[in-house]
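*Asks:* Have a look at this prediction, sequence included:
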Protein chains: 2
Amino acid sequence: MESTRGYGVGPSPLFRNCTKEAGRSNQFDRFLMHALLRGLGIPNIRIILWDDSEFCLSDKATVGVRINSRMALLRLLANPLAYFGDDYSAGNLEVEGGLVPFLETVLGAMSRPGQVRRRSRSMGLICRPGRNTLTRSRNNVHHHYDLGNDFYRLWLDQEMQYTCAYFPDAALSIEQAQEAKMELVCRKLRLKKGDRVVEAGCGWGGLARYMAKCYGAKVRAFNISREQVAYARETARREGIEGVEYVEDDYRNITGTCDAFVSVGMLEHVGPGQYRQLGAVIDRTLTDRGMGLIHTIGQNVAEPMSDWIEKRIFPGSYPPTVREMMEIFEPNGLSLLDLENLRLHYAKTLQHWLARFENNSSRIARMFDESFVRAWRLYLASSIASFEVGTLQLYQAVFARSASNDVPWTRDHLRVR
Amino acid sequence: MESTRGYGVGPSPLFRNCTKEAGRSNQFDRFLMHALLRGLGIPNIRIILWDDSEFCLSDKATVGVRINSRMALLRLLANPLAYFGDDYSAGNLEVEGGLVPFLETVLGAMSRPGQVRRRSRSMGLICRPGRNTLTRSRNNVHHHYDLGNDFYRLWLDQEMQYTCAYFPDAALSIEQAQEAKMELVCRKLRLKKGDRVVEAGCGWGGLARYMAKCYGAKVRAFNISREQVAYARETARREGIEGVEYVEDDYRNITGTCDAFVSVGMLEHVGPGQYRQLGAVIDRTLTDRGMGLIHTIGQNVAEPMSDWIEKRIFPGSYPPTVREMMEIFEPNGLSLLDLENLRLHYAKTLQHWLARFENNSSRIARMFDESFVRAWRLYLASSIASFEVGTLQLYQAVFARSASNDVPWTRDHLRVR
């Protein structure tokens, strides 16, 4: 099962059975560590080697990484973003002082001015995601989302929302914050009873159910993940929700028209080469006075995802810059009406998920294996760190046709009364 | 005076003393009118020639244009966007059914899908604004803004705000709506007492005075228009407002640091080639936890301003697309936090201005001449039409450094309590 799905540490024997180095570290290892730290923008971290020798360029480092072999050190030096993940998953690296603070320190240093170009170049060499064709998209989605509903149920909220929640109050539970997100989306779309909605990429169908149940909308929700669609249909049937139809198909095959077009957490998987085509789908679908909303992870510098995330976690994924997102709207006669950056809400959402994930880690290890748990822990923690240091953003973009004057005058309609 | 300032119908004898054609129109004229209408995307308008013969491709046209000579007809055919303005200003064209509805009909047809490319191409040939160097910027600004405070006082609000107002209530007066705009800007920046503000392009200084007076901010406001700076200084002195300093200098020469960077209505005059440089100015000026706001006219299709606007009204002006605006932020480590499109507020603002302008038109004709009045009437009316049909947008973009986590969690701070 592991080899076909490709999660965990992957098939390469490079990262397996890597026992702790027996010999002592030497002057050359010190040289390598220095080079590694410089390559990372001199983050304020400790490096501890297999013989417990420590290396640090500052005496105030509160976080560090323990490297158990010279091979792992060499791999980190060759490509930290590609190999840290695999070696961490395999247990060849251990982090001290907390995984999230460690990653924040490293990612913060790497994203400092002057570091950006170097990072971008080295990553360009190793990670060139191919074009997301219909088949490739289906395979990519299968890789990530069809890991099993039982797995995601262990750490997502009850409605299985696997996108950024909204915390108008920091003390909200993840369930409350996910509902607040759905409510915010509906308000931004000025949704009303009877509105025909098309949802592109509906996950486990929570937003579509909410729109039908709470707003009386007629929703057609598209998704290419078979397991998610089956779950969504069964849940709507069990809850007796009418007015929502789940369609197992690609966004490119959307037909018919709608008053509101919504897509939450799909654009990350579309790929910049297909943005214009997505906009053309919206253009042929949206009525003249309709409004739309796209909710997506984004970034400020056009860089591919780290090689490890792309290979092990999210094949085919890419977070757009705002500049790139405009390719959806500008060539297709659509106007951006409102854009909100909810970056820190995603850090908070991920903290909730990671806490639940940790509470269920032994169960997840039994479902998969220990390296899978470590890989997903790293993925969730590095996502928190990326949103905290600002290398990832979360955009909600509201749009309408350029010529539509049936658009909100103010933001009063967003207020929860 | 006219020739040095270049306003009005300009120096070309082509548009002068153009008497009404004596002869009757013929089959060839009809052919030309047909070609003209097709070139414009077949707008639903009447064309009436010098001999009162009418031409219309629909029987429901409520607006039309009266053309008083074959030369004017030929010029319109050659380049409607370049010559309509000059021939209208010279009185060689008269519009029936209302200038704004007429322009909305024509601009609406020209911006329909399929028309965009043709428009863009024909305009690309005739209008290539040069790079806005320090000297050129000063000349451009002088052309438009130094027409005299007495002129602008006749149709702007009392604080001389020459940018889009904000109408949370459609019944607000222009004075109230301009104050609401300034308040909205201050709220978006979360301005507080003692904050150091840099304003790039301060017009007659109203926003700087508001920030100092109502928020206790310390404002340094930059502008290269000598007349505007003199007015701003005198007004602040007369009103006894402390904490505001008006600097007659270019945004590229801004020095020092600030907690908030604001620019309302300047970006239109910066030119896309200088956006990255503007971002670098912000990058060297803004504190680590500071926030900024840029308020600008924009558009969805990257096209130059019409040749006539560029030549007679606003030399060097260019409204950016959102994609182009991102050149300010993304390469300079800045994150877009919030973008609001206030397009229809600008149409409403311009309606107020045009009404006041018309109330003072005979006085303005005495200050300049009748062709000046007609040119500015056309400029204000075509701006209303452009915002109404969506060929122009109005963006307020709030930003901060990518790594700053001192950013708003929600939009609660925008509410007027």
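*Replies:* Arrived safely, thanks for sending.

*Asks:* Going by C-alpha atoms from here, please, whenever you check contacts or count neighbours.
*Replies:* Noted.

*Asks:* quick one: the strands in the stretch 1-150 of chain A?
*Replies:* A:45-48, A:54-56, A:63-67, A:93-96 (DSSP state E, counting those that start in this stretch).

*Asks:* just checking, which of the ones you listed comes out with the lowest mean pLDDT?
*Replies:* Ranked by mean pLDDT, the strands of the stretch 1-150 of chain A bottom out at strand A:54-56, with a mean of 88.

*Asks:* which residues are contacting it?
*Replies:* A:Arg30, A:Met33, A:Asn44, A:Ile45, A:Arg46, A:Ile47, A:Ile48 (Cα atoms under 8 Å, 6 or more residues apart in numbering or on different chains).

*Asks:* Distance from the strand ranked longest in chain A to the middle of the chain?
*Replies:* Longest strand of chain A, by residue count under DSSP state E: strand A:286-298. Its chain's C-alpha centre and that of strand A:286-298 lie 20 Å apart, by Cα atoms, centre = their mean, to the nearest Å.

*Asks:* and it, what's its mean pLDDT?
*Replies:* 98.

*Asks:* May I have that strand as PDB, with CA atoms only?
*Replies:* Below are the C-alpha coordinates for strand A:286-298, written out as PDB (Å, rounded to 0.1, in the frame of the first residue of the first chain):
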ATOM      1  CA  LEU A 286     -21.500  32.900 -13.900                       C
ATOM      2  CA  THR A 287     -24.600  34.900 -14.600                       C
ATOM      3  CA  ASP A 288     -24.200  38.600 -15.500                       C
ATOM      4  CA  ARG A 289     -24.900  39.800 -12.000                       C
ATOM      5  CA  GLY A 290     -23.300  36.900 -10.200                       C
ATOM      6  CA  MET A 291     -20.500  37.000  -7.700                       C
ATOM      7  CA  GLY A 292     -17.700  34.600  -7.000                       C
ATOM      8  CA  LEU A 293     -15.100  33.800  -4.300                       C
ATOM      9  CA  ILE A 294     -11.800  32.000  -4.400                       C
ATOM     10  CA  HIS A 295     -10.100  31.000  -1.200                       C
ATOM     11  CA  THR A 296      -6.600  29.800  -1.600                       C
ATOM     12  CA  ILE A 297      -3.200  29.500   0.000                       C
ATOM     13  CA  GLY A 298      -0.800  31.900  -1.700                       C
END
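
*Asks:* Would you tell me whether it gets close to chain B?
*Replies:* No. Counting by Cα under 8 Å from any Cα of the partner chain, chain B has no neighbours in strand A:286-298; the shortest distance is 10.5 Å.

*Asks:* helices or strands up against that strand?
*Replies:* strand A:258-264, strand A:393-401 (3 or more Cα pairs under 8 Å, 6 or more residues apart in numbering or on different chains; DSSP states H and E).

*Asks:* Partner strands of the longest one, with direction?
*Replies:* So that's strand A:393-401. In the sheet, strand A:393-401 lines up against strand A:286-298 (antiparallel), strand A:334-341 (antiparallel) (DSSP bridges).

*Asks:* Around chain B, which positions in chain A sit nearby?
*Replies:* So chain A meets chain B at A:108, A:113, A:167-168, A:300-301, A:322-324, A:326, A:330-331, A:333-342, A:344-345, A:388-391, A:402-405, A:409-410 (Cα under 8 Å from any Cα).

*Asks:* from those residues, which would you call buried?
*Replies:* Using 16 or more other Cα atoms under 10 Å in any protein chain shown as the burial test, these include A:108, A:167-168, A:300-301, A:322-324, A:326, A:330-331, A:333-342, A:344-345, A:388-391, A:402-405, A:409 as buried.

*Asks:* Who are the packing partners of the longest helix anywhere in chain A?
*Replies:* What stands out as the longest helix in chain A, according to DSSP state H, is helix A:370-389. Counting contacts by 3+ Cα pairs under 8 Å, 6+ apart, helix A:370-389 is packed against helix A:80-90, helix A:99-110, helix A:343-359, helix A:361-367.

*Asks:* Nearest to B:Val198 among those would be which one?
*Replies:* Set against B:Val198 and scored by Cα to Cα, these come closest in helix A:343-359, at 26.4 Å.

*Asks:* Next, the angle from that closest one to helix A:370-389.
*Replies:* For helix A:343-359 against helix A:370-389, the angle by axes from the mean of the first three to the mean of the last three Cα atoms, to 10 degrees is 160 degrees.

*Asks:* Most widely separated two among the contacts of strand A:54-56?
*Replies:* Among those, A:Arg30 and A:Asn44 lie farthest apart (Cα to Cα), at 16.3 Å.

*Asks:* Between these two, which is the more surrounded one?
*Replies:* Set A:Arg30 next to A:Asn44 and count neighbours by other Cα atoms under 10 Å in any protein chain shown: A:Asn44 wins out with 20 against 16.

*Asks:* got a list of what A:Glu327 touches?
*Replies:* Counted by Cα under 8 Å, 6+ apart, A:Glu327 has contacts A:Tyr275, A:Arg276, A:Gly279.

*Asks:* 10 Å instead?
*Replies:* A:Pro272, A:Gly273, A:Gln274, A:Tyr275, A:Arg276, A:Gln277, A:Leu278, A:Gly279, A:Leu334, B:Arg323 (Cα atoms under 10 Å, 6 or more residues apart in numbering or on different chains).

*Asks:* want to throw those into TSV with secondary structure, pLDDT and distance to A:Ala180?
*Replies:* Shown next, in TSV, are the contacts of A:Glu327 (DSSP: H, G, I helix; E, B strand; the rest coil; pLDDT from 0 to 100; distance: Cα to Cα, whole Å):
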residue	secondary structure	pLDDT	distance to A:Ala180
A:Pro272	helix	94	29
A:Gly273	helix	95	32
A:Gln274	helix	96	30
A:Tyr275	helix	97	28
A:Arg276	helix	97	30
A:Gln277	helix	97	31
A:Leu278	helix	98	27
A:Gly279	helix	98	27
A:Leu334	strand	97	27
B:Arg323	helix	97	30
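
*Asks:* about what we covered before: so can I have a markdown table of the contacts of strand A:54-56 showing distance to B:Gln228?
*Replies:* Shown next, in a markdown table, are the contacts of strand A:54-56 (distance: Cα to Cα, whole Å):
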| residue | distance to B:Gln228 |
| --- | --- |
| A:Arg30 | 63 |
| A:Met33 | 59 |
| A:Asn44 | 50 |
| A:Ile45 | 54 |
| A:Arg46 | 57 |
| A:Ile47 | 60 |
| A:Ile48 | 63 |
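
*Asks:* about what we covered before: please point out which parts of the longest strand of chain A sit buried.
*Replies:* Per 16+ other Cα under 10 Å, strand A:286-298 contains these buried residues: A:286-298.

*Asks:* Equivalent analysis for stretch A:272-280, please.
*Replies:* For stretch A:272-280, by 16+ other Cα under 10 Å, it's A:Pro272, A:Gln274, A:Tyr275, A:Arg276, A:Gln277, A:Leu278, A:Gly279, A:Ala280.
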